[in-house]
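Chemist: when you get a sec, could you give me coordinates for this:
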Amino acid sequence: MIADYFDFDEHDTDLSTELVAGITTFLAMSYIIVVNPNVLLPAIMGFNENGDINRQTTIDGATYTAPEVFQMLAIATIIASVVAIAVMALYAKRPFGLAPGMGLNAFFTFTVVIGLGIPWQTALAAVFVEGIIFIVITAVGARKYVISLFPEPVKFSVGAGIGVFLLFIGLQEMQVVVADPATMVALGDIAQNPTAILALLGLFLTFILWARGITGAIILGILGTAAAGWALLLAGVANASTLAPEVLLDQETGEVSFQMVTSPHYDITPLVGAFVEGLRDVDPLTFALVVFTFFFVDFFDTAGTLIGVSQFGGFLDENGDLPEIEKPLMADAIGTTFGAMVGTSTVTTYIESSAGIEEGGRTGFTAFVVGALFLATLILIPFVAMIPAYASFIALVVVGVIMLQGVLDIDWQDPAWAVSAGLTITVMPLTYSIANGLAAGIIAYPLIKTAMGEFEDVRVGQWGIALVLIGYFYVYTSGMLG
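Modeler: Okay, the predicted model is just below:
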């Protein structure tokens with residue numbers, strides 16, 4: 001019955017393959033369960049005069065501690081992800097995972113709430129409005145039409161661009177690549193860093209397993225690295241502050257603390273419906289600008305991820321389009337709307353879905369497994385929390401390398417293709433944004449085509465979307481948002 005519903009035969013897959021793929025995608029993106037609350041926590045708690053996060057806050061007349069709010073946000077993250085993934089699995093039937101998006105959550109906290117001084121309830125209201133707009137324009141086919149206007153070189157380069165982006169993120173989290181005041185980034189002090197050493201050993205173990213064609217290579221690499229880290233901790237070879245997951249560390253003693261996971265706080269009513277309060281007494285212009293920015297970043301992040309991951313999975317047609325793309329887009333729109341209702345930032349499709357696709361995931365059952373595992377974390381948070389970031393981000397590096405094969409689909413001899421694709425691939429990691437990479441490639445294409453004397457090959461809609469994106473860049477970089 002499962003095979004028939006998800007069309008296993010049509011996609012040349014089977015139950016065990018889809019299970020492994022779902023587990024792999026979940027492990028690759030499960031970090032969001034603890035990372036998203038960490039990013040959103042300052043928005044709700046605020047900072048004291050010393051620049052530290054307040055340990056208590058008042059919501060609707062009741063006082064809550066930082067750990068309690070953290071757990072509320074973790075549960076909201078899980079619930080919003082489950083709802084969005086359920087739509088993806090059962091309606092769109094695609095193997096993509098969804099959750100509150102990184103970058104968008106940071107924009108929510110540090111630009112909107114802290115930078116502009118807007119109440120977090122109002123920021124949630126902006127996300128809710130964005131989600132409703134997405135539902136409407138997806139239902140009438142407007143999102144599908146706009147995505148169809150993306151130039152071919154952009155569509156065929158998104159996968160490689162996301163691959164470089166994944167590599168960059170993964171190597172940073174593994175502390176192999178670090179910030180540098182002179183060169184922006186540099187090679188970390190690997191020989192002096194137990195985390196980086198262990199992460200690199202786990203990475204090359206994963207590469208070896210993958211090269212040998214071992215089923216579940218990425219899962220084995222992640223779990224093996226996490227197990228090795230805990231073994232070193234228990235043996236006293238390394239201290240907790242070095243190898244233990246940050247979410248389990250006591251901020252005062254630096255030792256491992258299981259208080260958060262042994263005493264879960266399941267009451268999220270202070271967050272549910274908070275967006276309604278945020279709709280009152282808003283400044284129309286500021287609110288419109290915030291909704292505008294949320295809308296554009298989410299639109300192009302989601303479009304880029306869907307196209308890039310679909311290219312990697314072989315789902316695109318000969319024109320570089322994803323058939324029935326409006327269905328996965330609807331999953332994103334519903335997830336964003338529901339997420340705002342329960343208290344979290346914008347929900348989007350995850351590039352980590354590539355990890356499961358690499359393991360053979362081809363149908364909605366892969367997403368179903370991801371959603372089921374997210375749901376299980378409501379009672380299994382201790383097990384998820386015990387997987388350190390340096391282990392889970394191994395998946396991003398492995399998949400990032402594999403996705404670089406997308407450059408083979410680009411006609412590098414054609415100037416319009418070379419410039420548009422080159423900007424798409426490089427701007428993504430350099431600005432830490434899939435949306436910015438897409439926008440750069442889309443803007444460049446009609447300009448280079450015209451310079452080549454091929455003005456007639458550019459559709460009117462492509463000029464229109466390029467002009468709108470120039471407006472987006474102006475708003476985003478002009479200081480209008482604080």
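
Chemist: tell me where the stretch 301-450 of the chain has helices.
Modeler: Counting by DSSP state H, counting those that start in this stretch, one finds helices in the stretch 301-450 of the chain at the ranges 326-342, 353-358, 364-385, 389-392, 394-403, 415-431, 434-451.

Chemist: can you say which of those helices is packed in most?
Modeler: Counting by mean count of other CB atoms under 10 Å, helix 353-358 has the highest mean neighbour count of these, with a mean of 30. Placement of C-beta: from N, CA and C, glycine included.

Chemist: for that one, C-alpha coordinates in PDB please.
Modeler: Backbone C-alpha positions of helix 353-358 (Å, rounded to 0.1, in the frame of the first residue of the first chain) are rendered in PDB as follows:
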ATOM      1  CA  SER A 353      17.400  17.200   1.700                       C
ATOM      2  CA  SER A 354      20.200  16.500  -0.700                       C
ATOM      3  CA  ALA A 355      21.800  14.100   1.800                       C
ATOM      4  CA  GLY A 356      18.700  11.800   1.700                       C
ATOM      5  CA  ILE A 357      18.500  12.100  -2.100                       C
ATOM      6  CA  GLU A 358      22.100  11.000  -2.300                       C
END
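
Chemist: tell me the gap between it and the middle of its chain.
Modeler: In this view, helix 353-358 has its centroid 13 Å away from the chain centroid, taken as CA atoms, centre = their mean, to the nearest Å.

Chemist: same question, stretch 210-221
Modeler: Distance, stretch centre to chain centre, for stretch 210-221: 23 Å (CA atoms, centre = their mean).

Chemist: what does that stretch contact?
Modeler: 20, 23-24, 27-28, 202-203, 205-206, 209, 355, 358-359, 394-395, 398-399 (CB atoms under 8 Å, 6 or more residues apart in numbering).

Chemist: for the closest residue to Met403 other than its chain neighbours, give me its contacts.
Modeler: Leaving aside its chain neighbours, Met403 sits nearest to Gly163 (3.0 Å; criterion: CB to CB, 6 or more residues apart in numbering). Going by CB under 8 Å, 6+ apart, Gly163 touches 399-404, 406.

Chemist: in JSON lines, list the helices of the stretch 301-450 of the chain along with distance to Gly216.
Modeler: Output for the helices of the stretch 301-450 of the chain, formatted as JSON lines (distance: least, CB to CB, whole Å):
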{"stretch": "helix 326-342", "distance to Gly216": "25"}
{"stretch": "helix 353-358", "distance to Gly216": "11"}
{"stretch": "helix 364-385", "distance to Gly216": "13"}
{"stretch": "helix 389-392", "distance to Gly216": "15"}
{"stretch": "helix 394-403", "distance to Gly216": "12"}
{"stretch": "helix 415-431", "distance to Gly216": "28"}
{"stretch": "helix 434-451", "distance to Gly216": "27"}
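
Chemist: between those, which gets nearest to Met184?
Modeler: helix 415-431 (9.2 Å; CB to CB).
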